[in-house]
Every structure is written in C-alpha cells, then in structure tokens.
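A.B. asks: predicted structure and sequence below. I'll ask about it afterward.
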Amino acid sequence: MSDISDEDLERLASRMAMLVSESGEADNAGRAVAALARRLGLSGGQIKAYFLAGATNSFRAAPLRAPADAATQIDRLERELSALRHGLKLTEVQARNAQRERDALRAENGTLIDSLDRARSAGQVRKFLGAAAIAAAVLGGVVLYVGPALHPVSPGGIAERPAGSPFLRAGVVRGNGAAVLRAPEQGAGLITQLPAGTRIQVRQVLWRSLLQWAEVEIGGVPGYVISTEIDLS
C-alpha cells in the first residue's frame, strides 16, 4: 500500500464513480477499474475495505446525502436540451419573419418615395397651369375693360374722362365684395368694404404694380379698388 500514490487512488476513485453512468459507460468504467486495480496490485477485498473505510469516515463527519438518481438527472437534462432546441428553432423562425418584414417595409418605403416624387412633380405642373390660367384671365379682363378701342388713355397712362363729366364711368361691385383702399397698392390702408351689388362711380382707371385699379369716390373720400372686384359699365 505504501507504493500506491494519491494520484493513483484519485484515478481509481474517478473510474469507480463512472460505474453509475449509462450501461455502456458503466461497462467501460468497470473494465477500467479492474485494469487499474490489477496494475496497482489491489485485490477486490482491499478495494472494498478502502470504500468502507472512506464511507464510514464520511458518514461520521457529516451524513452522506443520497446522490440523485442518474437516470432522473439525464431525463431532466434531455428535457432542458429539447426545450432549448425548440426555443432556438422559434428564434430562427422569428428572425426569418423579421427579415421578410424588413424587406417588405423597405420595398414599400421605396414605392412611397417614388409616389411622393411623382405627386410633387404633378403638383408643380398644376401650380404652373393655374398661374398661367389666372394670368390669362387677368389679361382677358384688361383687354375687355380697358382696351384702347373702348377706353381712350392719355399719354400718362390714365384713362380720359368724357367731356364735362367728373367721372369716367359707373361700376357695380361683384359677388365677393370689394375693398376700398387709400392708395392703389395691396398693402394700403382700408377705407371701407363694399358689399356685392353696390353701385359706385369710377373717376379713373390706372395701372400700378402690374394691377389695374379703379379710382372711386365714397362719401366724398377718394379710394382705390382692384378692377377685378367690380364690373365697369
């Protein structure tokens, strides 16, 4: 016994612990215990005496807890492994679904951007056409109301009054009403707001900042109305 080292006893104890493994591993462990015992020169009685001595000392020092059943432990580990594999599969499926949703959202985003660009282009075209239509309407109004054949104009750009009359012509406020301003400019102060259908006398017609204005007189006070807000007769 003096020739057996602690390392040899540790190897022997490790092989004996594997005797409680599954059947195939237990058989291999039994053969390994037998081979190591023969190499160390130990008999079965000696191994038994060692085991009883160690177990007796362990029980005296502290009650030895019965080891859990190996098969039960293996079943539990197998169930945990199965649950982990199932969770991994679910995670992989969720990851693939997330990738498909990401690709779909990316494609939808690209489609929306293209649609927005087309809508912006169409809106700019509509604005241009609307501005052109308004300009055409204003030009038509100018030709209709202040054409040189209908309203003689002096070299200074002011329409001439008929001889002996302080007013050039009469006018009627259109359906949206008319704002009478203190000067022929859009930002001038407001004198009054005329309702639709109001008849007024026009003293002269003039142009200012590309707009045609009619000079009128309200209660003896001169004012200016954009010609598009009244019908001149």
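C.D. replies: Noted; the coordinates are in hand.
A.B. asks: would you mind checking which helix or strand in this protein has the lowest mean pLDDT?
C.D. replies: helix 44-61 (a mean of 70; mean pLDDT, DSSP states H and E).
A.B. asks: for the longest helix along the chain, give the mean pLDDT please.
C.D. replies: Ranked by number of residues, the top helix in the chain under DSSP state H is helix 70-146. For helix 70-146, mean pLDDT is 79.
A.B. asks: show me what that helix is packed up against.
C.D. replies: strand 211-218 (3 or more CB pairs under 8 Å, 6 or more residues apart in numbering; DSSP states H and E). Where you see a C-beta, it was placed from the backbone N, CA and C, and this is true even at glycine.
A.B. asks: quick check: can you name the pairing partners of the strand it packs on and their directions?
C.D. replies: Paired with strand 211-218 in the same sheet, following DSSP bridges, are strand 199-208 (antiparallel), strand 221-226 (antiparallel).
A.B. asks: convert the C-alpha atoms of stretch 174-187 to CSV, please.
C.D. replies: Once non-C-alpha atoms are left out, stretch 174-187 reads as follows in CSV (Å, rounded to 0.1, in the frame of the first residue of the first chain):
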residue,chain,number,x,y,z
ARG,A,174,-69.1,91.8,-57.9
GLY,A,175,-70.3,88.9,-55.8
ASN,A,176,-67.4,88.7,-53.4
GLY,A,177,-67.5,92.4,-52.4
ALA,A,178,-64.8,95.0,-52.9
ALA,A,179,-62.2,96.5,-50.6
VAL,A,180,-61.7,100.3,-51.0
LEU,A,181,-58.1,101.2,-50.2
ARG,A,182,-56.4,104.6,-49.5
ALA,A,183,-53.8,104.1,-52.3
PRO,A,184,-53.5,101.8,-55.4
GLU,A,185,-51.5,99.3,-53.6
GLN,A,186,-52.3,96.0,-51.9
GLY,A,187,-50.8,97.0,-48.6
